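1. below: sequence and its predicted model.
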Amino acid sequence: MHLIIRRLKVQSHLWDEVLQRMENGYVPILKNNPEFVEFYGVIVGDEGVSISVFETQQAAEEANRQALEWAKENLAPLLQAPVEIVAAGEVRIYKRAAE
């Protein structure tokens with residue numbers, strides 16, 4: 001599996017709007033990718049991260065291209081800075097509570 005972590009800087013009062021746009025606009029794009037595994041959105045003050053997990057590196061890279069393009073078109077007015085890629089790489093350990 002491969003994941004991409006992106007940083008978003010948003011004024012705290014705009015998070016509900018950002019998350020709604022992501023859930024209604026970007027998440028459906030992810031779900032159309034047959035290699036999509038998981039997506040997380042985490043907020044810490046005025047910053048947040050999105051974590052997207054895919055079965056292959058190629059799927060992760062394509063989704064990242066789509067994410068940056070989508071964010072530029074749909075989130076730019078709400079962001080304090082462009083979306084930033086923090087990390088991308090292979091998942092080497094993956095455990096769930098039931099495992």
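-> Ah, there it is.

2. so residue 5 makes contact with residue 84?
-> No - between residue 5 and residue 84 there is no contact under C-beta atoms under 8 Å: 9.6 Å. Glycine gets a C-beta too; all of them are placed from N, C-alpha and C.

3. show me what contacts residue 5?
-> Residues in contact with residue 5 (C-beta atoms under 8 Å, 6 or more residues apart in numbering) are 49-51, 85-88.

4. that one sits in which helix or strand?
-> Using DSSP states H and E, residue 5 falls within strand 2-9.

5. what average pLDDT does that strand get?
-> Across strand 2-9, the average pLDDT comes to 93.

6. and the next helix or strand after that strand, what other elements does it pack with?
-> The helix or strand immediately downstream of strand 2-9 is helix 15-21, counting by DSSP H and E. With contacts taken as 3 or more C-beta pairs under 8 Å, 6 or more residues apart in numbering; DSSP states H and E, helix 15-21 sits against strand 36-44.

7. show the subsequent helix or strand relative to the strand it packs on.
-> Next in line after strand 36-44, if elements are assigned by DSSP H and E, sits strand 47-54.

8. quick one: the helix or strand just after that following strand to strand 2-9, angle?
-> Next helix or strand after strand 47-54 toward the C-terminus (DSSP H and E): helix 57-74. Calculated by axes from the mean of the first three to the mean of the last three C-alpha atoms, to 10 degrees, helix 57-74 forms an angle of 20 degrees with strand 2-9.

9. quick check: the closest residue to residue 37 other than its chain neighbours vs residue 35, distance?
-> Leaving aside its sequence neighbours, residue 37 sits nearest to residue 53 (C-beta to C-beta, 6 or more residues apart in numbering; 4.2 Å). From residue 53 over to residue 35 the distance is 10 Å, taken as C-beta to C-beta, to the nearest Å.

10. between those two, who's got more neighbours?
-> Set residue 53 next to residue 35 and count neighbours by other C-beta atoms under 10 Å: residue 53 wins out with 20 against 16.

11. give me the pLDDT value at residue 99.
-> So residue 99 comes in at 63 (pLDDT).

12. where in the chain is the helix or strand with the lowest mean pLDDT?
-> helix 57-74 (a mean of 89; mean pLDDT, DSSP states H and E).
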